[in-house]
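S.K.: Please work out how this folds:
(one chain, ligands or ions: 1)
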Amino acid sequence: MKITVIGAGNMGGALVKGWCRAGLAQDIAITARTLATLERYTSVYPQLTAHTDNVQAVQGADVVVLAVKPWLVDEVVAEIQPALGTAVLLSVAAGVRHERIDVYAMPNIAVEYGEGMTFVEEASPYNINKVSELFSLCGHVQVVPAKQMSAGMQVSGCGIAYVMRYVRAMMEGGVELGLRPDEARQAVLQTMKGAVAVLEESGRHPEDAIDAVTTPGGYTIRGLNAMEDAGFTRSVLAGLKANEQKK
Ligand SMILES: NC(=O)c1ccc[n+]([C@@H]2O[C@H](COP(=O)([O-])OP(=O)(O)OC[C@H]3O[C@@H](n4cnc5c(N)ncnc54)[C@H](OP(=O)(O)O)[C@@H]3O)[C@@H](O)[C@H]2O)c1
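M.R.: The predicted model follows:
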């Protein structure tokens, strides 16, 4: 399958690297505004084809991924439309609709390491199969109705930044309590991995797993209740719902 990624920036670039890690480099063409951006990829993956000309880049593609900033989508679609042929046009631009786009998807940057979480909006079975095949090479894929795309974007597209803010807070606390920054970082990341393993392997609900960690009258329950007093759950929900009025 020939893939063209238009806009090899943070998101487009993460997809390119994820697909290259999955062995697709020779099937990928990338574009950017500047040669400097393109060289960052071709220096690592010389099998990639790189262009600053979008029209040239989409010739012969089976799937074209639009990964430019949302305000550039109309302009770029108008530019490439005559050269698209039968290619599936897939957009990852947040919150932008265009009649020519065949599939909308919302990945997150963990696709670069094969651990992405991508929401794909329902479309024709042919398009969904093609797109799901690609995203499943670099993580988990969930196909959802249009009305769930915004939730998917918040929980995973933006959510990865929310998780990183939690990591930062835990690191700062660890340092305040006496760990070195590198020790705190390692401890927080391994603890997160451990939490994910416990939930994935056991299939438990988080609150059920918490019960297994909290001794009545002990340290953990006091810490959890202090976090709730400071608005932990309320803050997470406020962050997730902050863009509701933008819809
Ligand atoms: N970042 C995320 O985590 C994330 C997650 C989900 C979805 N998205 C979506 O992904 C899209 C891109 O976001 P981003 O954060 O990756 O932005 P970004 O890092 O600024 O990347 C945009 C890329 O587009 C290139 N570009 C600009 N104008 C172009 C044109 N006319 N033709 C071809 N390429 C062009 C830029 O090239 P130069 O580098 O040469 O300037 C840059 O490499 C957005 O629509 C966003 O909503 C992002």
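S.K.: And the helices in this structure, which stretches?
M.R.: Using DSSP state H, the helices of the chain run over residues 10-21, 35-42, 54-58, 73-80, 125-135, 149-152, 159-176, 181-202, 206-211, 219-229, 232-240.
S.K.: Tell me how many other residues crowd S132.
M.R.: Counted with other CB atoms under 10 Å, residues neighbouring S132 total 17. The way it works is simple: take the backbone N, C-alpha and C, and place the C-beta from them, glycine included.
S.K.: And the one 5 residues further on, by the same measure?
M.R.: By other CB under 10 Å, the residues close to L137 number 18.
S.K.: Relative to the ligand, how far out is the closest residue to it other than its chain neighbours?
M.R.: Nearest residue to L137 in three dimensions, chain neighbours excluded: A22, at 4.1 Å (CB to CB, 6 or more residues apart in numbering). Per CB to the nearest ligand atom, to the nearest Å, A22 is found 19 Å from the ligand.
S.K.: Now for the residue nearest to G139 when sequence neighbours are not counted, how many residues are close by?
M.R.: In this structure, G139 finds its nearest non-sequential neighbour in G116, 3.0 Å apart by CB to CB, 6+ apart. Neighbour count for G116, taken as other CB under 10 Å: 23.
S.K.: What separation do you get for G116 and the ligand?
M.R.: 10 Å.
S.K.: so that residue sits right up against M106, yeah?
M.R.: No: counting by CB atoms under 8 Å, G116 sits too far from M106 to count as a contact (10.2 Å).
S.K.: Flag every residue of the chain that's near the ligand.
M.R.: Counting by CB under 6 Å from any ligand atom, the chain comes close to the ligand at 6-12, 31-34, 37, 54, 67-70, 72, 76, 92-94, 106-109, 157.
S.K.: which ones among these are found in strands?
M.R.: Within the residues of the chain next to the ligand, residues falling in strands by DSSP state E are I6, T31, M106.
S.K.: wait, what's in contact with whichever residue of the chain sits closest to the ligand?
M.R.: Going by CB to the nearest ligand atom, the ligand is nearest to G9 of the chain, at 1.7 Å. Taking CB atoms under 8 Å, 6 or more residues apart in numbering as the criterion, G9 is in contact with A32, T37, A67, V68.
S.K.: which one among these gets closest to P145?
M.R.: A67 (23.1 Å; CB to CB).
S.K.: Show me the contact partners of stretch 62-79.
M.R.: Contacts for stretch 62-79 (CB under 8 Å, 6+ apart): 1-9, 11-12, 15, 54-55, 58, 80, 84, 87-96, 98, 100-101, 130-131, 134.
S.K.: Many thanks, we can stop here.
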